[in-house]
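Chemist: From the sequence below, what's the structure:
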Amino acid sequence: MERTTLRRRALVAGTATVAVGALALAGLTGVASAGPAGTTAPPVSADSLSPGLLAAMERDLGLDADDARSRIANEYRAAAVAAGLEKSLGAGYAGARVSGAKATLTVATTDASQIARITEAGAKAEVVGHSLDRLEGVKEALDKSALRKAPKDVPVWYVDVEANRVVVNAASTAAGTAFLKAAGVDSSLVTVARSAERPRTFADLRGGDAYYMNGSGRCSIGFSVKRGTQNGFATAGHCGRVGTTTNGFNQQAQGTFQGSTFPGRDYAWVATNANWTPRPTVNGYGRGDVTVAGSTAAVVGASVCRSGSTTGWHCGTIQQLNTSVTYPEGTISGVTRTSVCAEPGDSGGSYISGNQAQGVTSGGSGNCSSGGTTYFQPLNPLLQAYGLTLVTSGTPTDPPTTPPTDPPTDPPGGTWAAGTAYAAGATVTYGGATYRCLQAHTAQPGWTPAAVPALWQRI
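Modeler: Below is the predicted model of the structure:
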């Protein structure tokens, strides 16, 4: 399949035409809850997972509802353990992954003396030759080379934590070797694999709903977000540039792109007008909408599902993190590679693992008839890049939009300060207590940790 970007054109006289361009997906809504290493996702209950998501996991992963709930709960625990071990193992850390029906966690290290620490944390230990930092250094050199000149016939490269190597997928061995030579990397750490993959972007305020750019191309909403008092949604950068206007699924005026990055990354956000209310849900396409509770990042091997305005719900697993992929428009770095299928019109849409938002669809190869490989732009970097807050089930219906009428003129001492940009997971002290940031935001006078529980959690 030709590697290209695609835009799903608007329906004209009852027929849809597909042309070269950008194509986006429908997404999820939620609050940025991913925190520092060791953050624990909320427990999974029978009521927290939508019937539509469970049905899609049964169809695509062969799991019944009970098995799906059990697997997701295990994956949540694995993500928390892996994050803690990454911090404690330091330079020896070599990556983590889950495998099998029970999502067994394996954590790799270059230091055999760390085996006991890994097993005590409840994970299987594996001793390997190269640290994750070393392999990601090789990949970073490849990324820099691609920014100077996009490689020919080299669509994808990534760190494979299971193989403990950098993998370069290329149309031919010669093309892959030429890429390595141009980047000047240590080829002994790299495997060049022949691949027919030809990724392209999928471009066509509930996640998964369609929207239209400048009255023509179609994409999908990723997640409902806020920036201060302004409502909007996150989506893929290739769907539009700053100033591009959007209409909603009902063709009513909706909003304008405020920020967009593509290539290099593939993320954007759209500010919407007062007629659109952000909701912490993802379109279940007749199987029940999914409620988003946060954005804790899942690990390699975890199950993940996608909602898009072309193909609805589809599920698969996370194959590699921090992947680089070359489209005709240029190279995108930092995306996540998955086994989930997608088609034109799905770009920008939601990726979710259980009730945790993961990212917005970027592009891929194949389709949902024969199968394919798809890439998503992780959500948390998107939120941080634009100072956005993800709308989730924990977001109040009417969160604070203006400072209190009489904010304290002499607030209690501590490290919290108005005017500071806080990322999700950051900790501050205020009034003698410690608080963790639940949503990325810029602090305003009166939005003290004690006064705004939607933004801060006392710990």
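
Chemist: Contact partners for W269?
Modeler: When contacts are counted by C-beta atoms under 8 Å, 6 or more residues apart in numbering, W269 touches 225, 227, 232-235, 257-259, 382, 386, 388. All C-beta atoms are positioned from the backbone trio N, CA, C, and that covers glycine.

Chemist: Can you convert these into JSON lines and add a column each for neighbour count, pLDDT and distance to A96?
Modeler: JSON lines is the format used below for the contacts of W269 (neighbours: other C-beta atoms under 10 Å; pLDDT from 0 to 100; distance: C-beta to C-beta, whole Å):
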{"residue": "V225", "neighbour count": "33", "pLDDT": "96", "distance to A96": "28"}
{"residue": "R227", "neighbour count": "19", "pLDDT": "94", "distance to A96": "33"}
{"residue": "G232", "neighbour count": "28", "pLDDT": "96", "distance to A96": "33"}
{"residue": "F233", "neighbour count": "33", "pLDDT": "97", "distance to A96": "31"}
{"residue": "A234", "neighbour count": "31", "pLDDT": "98", "distance to A96": "26"}
{"residue": "T235", "neighbour count": "38", "pLDDT": "97", "distance to A96": "29"}
{"residue": "F257", "neighbour count": "22", "pLDDT": "96", "distance to A96": "36"}
{"residue": "Q258", "neighbour count": "16", "pLDDT": "96", "distance to A96": "35"}
{"residue": "G259", "neighbour count": "20", "pLDDT": "96", "distance to A96": "32"}
{"residue": "L382", "neighbour count": "29", "pLDDT": "96", "distance to A96": "23"}
{"residue": "Y386", "neighbour count": "19", "pLDDT": "95", "distance to A96": "29"}
{"residue": "L388", "neighbour count": "27", "pLDDT": "95", "distance to A96": "27"}
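
Chemist: Now render the residues you listed as TSV, adding distance to T119 and secondary structure.
Modeler: Shown next, in TSV, are the contacts of W269 (distance: C-beta to C-beta, whole Å; DSSP: H, G, I helix; E, B strand; the rest coil):
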residue	distance to T119	secondary structure
V225	40	strand
R227	44	strand
G232	45	strand
F233	43	strand
A234	39	strand
T235	42	strand
F257	49	strand
Q258	48	strand
G259	44	strand
L382	36	helix
Y386	41	helix
L388	39	coil
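
Chemist: what are the phi and psi angles of D133?
Modeler: Main-chain torsions, D133, degrees, to the nearest 10: phi -60, psi -40.

Chemist: whoops, A141 was the one
Modeler: phi -60, psi -40.

Chemist: Count the neighbours of it for me.
Modeler: For A141, the count of nearby residues is 16 (other C-beta atoms under 10 Å).

Chemist: Check the gap between it and V166 for me.
Modeler: Between A141 and V166 the computed distance is 10 Å (C-beta to C-beta, to the nearest Å).

Chemist: likewise L382?
Modeler: Relative to V166, and taking C-beta to C-beta, L382 is found at 25 Å.

Chemist: Ok, K87 next?
Modeler: Counting by C-beta to C-beta - K87 and V166 are separated by 23 Å.

Chemist: out of these two, which sits in the busier spot?
Modeler: More crowded of K87 and V166, by other C-beta under 10 Å: V166, with 26 against 12.

Chemist: pLDDT-wise, which helix or strand of this structure ranks last?
Modeler: Using mean pLDDT, DSSP states H and E, strand 18-20 stands out as the lowest-scoring helix or strand of the chain, at a mean of 22.

Chemist: Specify the next element, helix or strand, located C-terminal of that one.
Modeler: helix 51-61 (DSSP states H and E).
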